[in-house]
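Peer 1: Next one to model:
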Amino acid sequence: MSLDQQVPASTAAPRDPAGDRVDAFYGRLFGWPVKWRGVHPFLALENGICAVTLPKLSAGPVLTRLAATGCQGPAMHLPTQHGPRVALLAETDGLIPPRSALPRNVEVLAWGTLLPLPVGARRVDVATEWLSPPDPQQRWLPSLGAVLAGLPERR
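Peer 2: Take a look at the predicted model:
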């Protein structure tokens, strides 16, 4: 699955207890828009939610900088056609910068893009997992500006 493709989704959740738990956790507790593709949940990047993606190999220092400033939010590992990436969830706080203003290999995803949500310890169909899981005690997302400030200078 590629992050730069829209994934067709159904808004109807499967009628099983696992689907109800996913909807309750991600949807009702955090207020995130959850879409379903068959039995698999996806986070719809809409209503002010976006994701900054970067190669997994370069994500460690960024996560460390964000944690040091108190701006670390949920981050997940995502396999893509271009190798493993990390998606840092954020709240859009204005205009999303053009790709040319971002560091090389960094993308900002928004407006209807779907990210596969981890379910349980690991979602085996796409090997998505939380590197920094969402915290029910801290339900806010860092601003896009704060996440972008944690990135290395554009090269």
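
Peer 1: okay, residue 48: pLDDT?
Peer 2: pLDDT recorded at residue 48 is 91.

Peer 1: ok, how many other residues are close to it?
Peer 2: When neighbours are counted by other Cβ atoms under 10 Å, residue 48 registers 12. Every residue, glycine included, has its C-beta placed from N, CA and C.

Peer 1: isn't it right next to residue 89, touching?
Peer 2: No: counting by Cβ atoms under 8 Å, residue 48 sits too far from residue 89 to count as a contact (11.0 Å).

Peer 1: buried ones in the lengthiest helix in the chain?
Peer 2: For the chain, the longest helix by residue count, based on DSSP state H, is helix 59-68. For helix 59-68, the neighbour count (16 or more other Cβ atoms under 10 Å) marks 59, 62, 63, 65, 66 as buried.

Peer 1: got the residues you listed as TSV, with distance to residue 39 columns?
Peer 2: Written out in TSV, the entries for the buried residues of helix 59-68 read as follows (distance: Cβ to Cβ, whole Å):
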residue	distance to residue 39
59	29
62	32
63	30
65	37
66	33
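
Peer 1: now the residues you listed in a markdown table, with pLDDT and distance to residue 44?
Peer 2: Converted to a markdown table, the buried residues of helix 59-68 look like this (pLDDT from 0 to 100; distance: Cβ to Cβ, whole Å):
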| residue | pLDDT | distance to residue 44 |
| --- | --- | --- |
| 59 | 92 | 23 |
| 62 | 92 | 24 |
| 63 | 93 | 24 |
| 65 | 92 | 28 |
| 66 | 92 | 23 |
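
Peer 1: hang on, the earlier thing: which strands and helices lie in contact with the longest helix of the chain?
Peer 2: In this structure, helix 59-68 makes packing contacts with strand 85-91, strand 129-132, judged by 3 or more Cβ pairs under 8 Å, 6 or more residues apart in numbering; DSSP states H and E.
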